[in-house]
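J.: Quick one, structure for this:
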Amino acid sequence: MPAKTSNWKKVLRWLPGVLISVIAIYAVLKFINVEDLKNAFKTVKLSFILILFFINILGLLIRGKAWQVLLGSDVTYAQSFFGVCEGYFLNNVLPLRAGEIGRSYFVGRSSGKGTFFVLSTIVIERAFDLFFAASLVVVTLPYLIGMDWIKPVATIILILVFAGLIMLYLIARNKEKVMNWANKKSKPSRVMDFLLPRIQSILNGFSLLAKPSQFLLGLFWIGLNWLVWVSAYFLAVQAVIPDSPLWWGAFVAGVMALGVAIPSAPSALGVFEASFVGALAILGGQTGTALAYAIIMHLLNFIQTAIFGIWGLFREGMGLSQILARVGGDKTTTATDGDLQNGQ
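T.: Residues are numbered from 1 along each chain as shown. Next up is the predicted model:
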């Protein structure tokens, strides 16, 4: 009976995201002519794949540096770079963005900072990403006709991100008061003995928000990373719609980031393709050609993150099956995670 319950939990964990991906795939295929798609694949040049390959590598290298800044100078670049790749790879094979928990655990353990400290820096990293994504959409919208409906959505996201960062800043500036309040309000118990050290660790991770130089440097590197992403999408847009302006790449990058943020099957299967095809359709691109390039971009991204992600996982000294079992929530393995149990 417990085994059946566990299996049902796994099914329910995957089901919502899979349904969203199925809907996205159906929506894309409904507007695609199969022959157009076949012909579109024939137009893809090797030079496009090679250039995109190196742009993606550059993006990963810069993202590794950006996250190192958020983590602090006592974390090595190798730890942050491989942590990013491990997280991206695990996101591609596990549901509910479990890769974020995975890289928090691995980098928290190898750096000695602890899982919950590292997880708090990922929250900040994602907030920066949402800020840039929403900003790109808002900035490029005036150039588009008939797209006024999306502006309130992007504006709301910007407001929420600002509000969230301000709230985290206030918490970081007053973390001692927050902890004193939590200690006073909590009654001694096993649950509170478990939670309080983790809350302290999370608050320590948010502390970079109270350090202007570290905050601005992290924002700079993530902004540079977004510039690389815009270049990659501009290259793809150019391939589908020749002589397209640069801002189209920025618009597509923003739409893609907001689109793949929607919970879906691992690797944002279907949602990635639907977001790209939808953005290109708005710009007047041919949907069959757009889907062909979306598939190639998605596949290349998966392969690259798999190469560096698996490399990083083996650096952790564990086999891949063991890693997936840990991050996937296998009780027989997570029960031995000493640093998680000890508040790290």
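J.: Spatially, what comes nearest to Gly59 if we skip its sequence neighbours?
T.: Val228 (4.4 Å; Cβ to Cβ, 6 or more residues apart in numbering). Any C-beta I mention is one placed from the backbone N, CA and C, and that applies to glycine too.
J.: what's the offset of stretch 167-178 from the middle of its chain?
T.: 25 Å (Cα atoms, centre = their mean, to the nearest Å).
J.: How about residues contacting it?
T.: For stretch 167-178, contacts defined as Cβ atoms under 8 Å, 6 or more residues apart in numbering pick out Val123, Ile124, Ala127, Gln200, Leu203, Asn204, Phe206, Ser207, Leu208, Leu209, Ala210.
J.: State the mean pLDDT of the helix or strand containing the third one.
T.: Assigning secondary structure by DSSP states H and E places Ala127 in helix 115-140. Along helix 115-140, the predicted local confidence has a mean pLDDT of 88.
J.: need the next SSE after it, C-terminal direction.
T.: Counting by DSSP H and E, what follows helix 115-140 is helix 150-173.
J.: quick one, what contacts the residue lying closest to Leu136 once chain neighbours are set aside?
T.: Of all residues not flanking Leu136 in the chain, Gly254 sits nearest, at 3.3 Å (Cβ to Cβ, 6+ apart). Residues near Gly254 by Cβ under 8 Å, 6+ apart: Phe132, Ala133, Ala134, Ser135, Leu136, Val137, Thr140, Ala154.
J.: Where does the prediction get shaky in the stretch 151-300 of the chain?
T.: Scanning the stretch 151-300 of the chain for pLDDT under 70 picks out 151, 179, 182-200, 265.
J.: Buried residues of the helix holding Ala127, list them for me.
T.: For helix 115-140, a neighbour-count test (16 or more other Cβ atoms under 10 Å) marks 115-125, 127-138, 140 as buried.
J.: rewinding a little: burial measure for the residue nearest to Gly59, as a count.
T.: By other Cβ atoms under 10 Å, the residues close to Val228 number 18.
J.: which strands and helices sit next to the helix or strand it falls within?
T.: Assessed by DSSP H and E, Val228 sits inside helix 212-240. For helix 212-240, the elements it packs on are helix 46-71, helix 115-140, helix 246-260, helix 271-282, helix 287-315, judged by 3 or more Cβ pairs under 8 Å, 6 or more residues apart in numbering; DSSP states H and E.
J.: Tell me the buried residues in it?
T.: 214-215, 217-219, 221-222, 224-226, 228-240.
J.: orientation of that helix relative to helix 287-315 in degrees?
T.: 140 degrees (axes from the mean of the first three to the mean of the last three Cα atoms, to 10 degrees).
J.: how far is helix 212-240 from where the chain is centred?
T.: Using Cα atoms, centre = their mean, the offset of helix 212-240 from its chain centre is 14 Å.
J.: tell me the angle of it relative to helix 46-71?
T.: Using the same axes, to 10 degrees: helix 212-240 against helix 46-71 is 170 degrees.
J.: re earlier: okay, the helices and strands packed on helix 212-240 in a markdown table with distance to Leu168 next?
T.: What follows is the helices and strands packed on helix 212-240, written out as a markdown table (distance: least, Cβ to Cβ, whole Å):
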| stretch | distance to Leu168 |
| --- | --- |
| helix 46-71 | 12 |
| helix 115-140 | 7 |
| helix 246-260 | 20 |
| helix 271-282 | 28 |
| helix 287-315 | 28 |
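J.: Tell me which of these lies nearest to Ile25.
T.: Comparing the helices and strands packed on helix 212-240 against Ile25 with Cβ to Cβ, the closest turns out to be helix 271-282 (7.3 Å).
J.: Could I have the CA atoms of the closest one written out in CSV?
T.: What follows is helix 271-282 as a C-alpha-only set of coordinates in CSV (Å, rounded to 0.1, in the frame of the first residue of the first chain):
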residue,chain,number,x,y,z
VAL,A,271,6.2,25.4,-23.7
PHE,A,272,9.7,26.5,-25.1
GLU,A,273,8.6,25.8,-28.6
ALA,A,274,5.2,27.4,-28.2
SER,A,275,6.7,30.5,-26.7
PHE,A,276,9.2,30.9,-29.6
VAL,A,277,6.7,30.1,-32.3
GLY,A,278,4.1,32.5,-30.7
ALA,A,279,6.6,35.3,-30.5
LEU,A,280,7.8,34.9,-34.1
ALA,A,281,4.2,34.7,-35.3
ILE,A,282,3.5,38.1,-33.6
